[in-house]
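Visitor: can you look at this prediction? I've put the sequence above it.
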Amino acid sequence: MFHRLHKVGERSQGQGSLSSDQLEGAVRRVGLERILCPSEWIKRVDDGTLNEDDLCLTFDDGLKCHIEVALPVLERLGLKGFFFIFSSVFEGGVDRNEVYNRFAVNCFASFDSFVGAFFGFYPVADSLLDENGFEKFQQFYSQTFPFYSENDIKFRFVRNKLLKRPDFEDIMDRMIQRAGYDVFSLAKGVWMDDEDLRTLVARGHRLGLHSYDHPFTLADLTVEQQQVQYSRNRNHIVRVTGGSVDSMSHPLNSYGDATFKVLADLGIVCGFRSNLASIEKKSVAARRLELPRVDGAMIC
């Protein structure tokens, strides 16, 4: 599983960002011969012949760096991958969370410096963290994503668990404005465009769902709202590429039983979660929609 990437010699694009050399090194380290192309992966998922040693490459969020950094590496190695996109940013929207990452990366010496500024702007008492289950959240993140600092995990907890999305965005927008920037100028060049999607498909890669506007906690949405998220996402990909969609990854690893039904109704046969944590036994169909992944930053 890969997210943010950067060219050798350029600045990191955020937590877990890999350079093109690190990306290639990670892929080579696990063994090129083990990496299946998306069509073969889907076939093996569908007929139940996927082996524990089989691997595939996945890229989340439709970031421009996937075209600029990942695609040349994959083509040099003769590999194909899954690219999971959310559609709002292709249709005039802005995902503020990714813009906030760019703000943190480009306007502060480190992400910890940004987090310190955030909590200076919006103080949160430790007692409030404790009352809302921060300890369990922290344990999970530190074990699953060891490259996240303690401050980073605290920031994510406040963003995901304590604040409603409009409130979080209001705080961040005011923080950006006070620093002399604006959201839309920071958003330029962050994501692919429709032509990039057509390029990926033409070169044998596979596009999949990642929701419409990347909610922080998609599992908290009603069934109807989840249907809208994934139907709009699917319709966009089909309209742009003329192809079908049968794979997806769960945004921020948020999903539930209702999500499985929504995805099955859309013809999705293969879905990925964002970690290797143990899951309770479910039906074969449900397990196919929560296949485990490991973050590429953990094998560099």
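Guide: Arrived safely.

Visitor: how much space between Ser88 and Arg206?
Guide: The gap separating Ser88 from Arg206 is 21 Å, by Cβ to Cβ, to the nearest Å. In this view, the C-beta of every residue, glycine as well, is placed from N, C-alpha and C.

Visitor: ok, those two, which is more surrounded?
Guide: Between Ser88 and Arg206, counted using other Cβ atoms under 10 Å, Arg206 has the larger neighbour count: 23 against 18.

Visitor: contacts only, for that one.
Guide: 38-39, 42, 80-83, 247 (Cβ atoms under 8 Å, 6 or more residues apart in numbering).

Visitor: ranking these by neighbours, who comes first?
Guide: Phe83 (30 neighbours).

Visitor: for that one, helix, strand, or coil?
Guide: Assigned with DSSP: H, G, I helix; E, B strand; the rest coil, Phe83 falls in the strand class.

Visitor: bridging residues for the residue nearest the centre of the chain?
Guide: For the chain, Asp60 is the residue whose C-alpha lies nearest the centre (Cα atoms, centre = their mean; 4.1 Å). Note on Asp60: beta-bridge partners by DSSP bridges are Phe84.

Visitor: verify the stated contact: it with Gly16.
Guide: No: using Cβ atoms under 8 Å as the test, Asp60 is too far from Gly16 to be in contact (11.3 Å).

Visitor: for the helix or strand Arg239 falls within, packing partners?
Guide: Here Arg239 sits within helix 223-241, counting by DSSP states H and E. Packing partners of helix 223-241 (3 or more Cβ pairs under 8 Å, 6 or more residues apart in numbering; DSSP states H and E): helix 194-202, strand 206-209, helix 257-265.

Visitor: tell me which of these lies nearest to Phe155.
Guide: Closest of the helices and strands packed on helix 223-241 to Phe155 is helix 257-265, at 25.7 Å (criterion: Cβ to Cβ).

Visitor: alpha carbons of that closest one, in PDB - could you do that?
Guide: In PDB, the C-alpha atoms belonging to helix 257-265 read as follows (Å, rounded to 0.1, in the frame of the first residue of the first chain):
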ATOM      1  CA  ASP A 257     -21.200  -4.800   7.400                       C
ATOM      2  CA  ALA A 258     -23.400  -2.200   5.700                       C
ATOM      3  CA  THR A 259     -20.400  -1.300   3.500                       C
ATOM      4  CA  PHE A 260     -20.000  -4.900   2.400                       C
ATOM      5  CA  LYS A 261     -23.600  -4.900   1.100                       C
ATOM      6  CA  VAL A 262     -23.200  -1.600  -0.700                       C
ATOM      7  CA  LEU A 263     -20.000  -2.800  -2.400                       C
ATOM      8  CA  ALA A 264     -21.400  -6.200  -3.300                       C
ATOM      9  CA  ASP A 265     -24.500  -4.500  -4.900                       C
END
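
Visitor: contact partners of it?
Guide: By Cβ under 8 Å, 6+ apart, helix 257-265 touches 209, 218-219, 223, 226-227, 230, 248, 250, 271, 285-286, 289.

Visitor: rewinding a little: what's the most buried one of the helices and strands packed on helix 223-241?
Guide: Burial of these is given as mean neighbour count (mean count of other Cβ atoms under 10 Å); strand 206-209 ranks first at a mean of 25.

Visitor: send over that one as CSV, restricted to the C-alpha atoms.
Guide: Below are the C-alpha coordinates for strand 206-209, written out as CSV (Å, rounded to 0.1, in the frame of the first residue of the first chain):
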residue,chain,number,x,y,z
ARG,A,206,-6.6,-1.0,-12.7
LEU,A,207,-8.7,1.8,-11.2
GLY,A,208,-10.8,1.1,-8.1
LEU,A,209,-13.1,2.8,-5.7
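
Visitor: please compute how far it lies from its chain's middle.
Guide: 13 Å (Cα atoms, centre = their mean, to the nearest Å).

Visitor: give me the phi and psi for Ser87.
Guide: Backbone geometry at Ser87, expressed as degrees, to the nearest 10, gives phi -90, psi -20.
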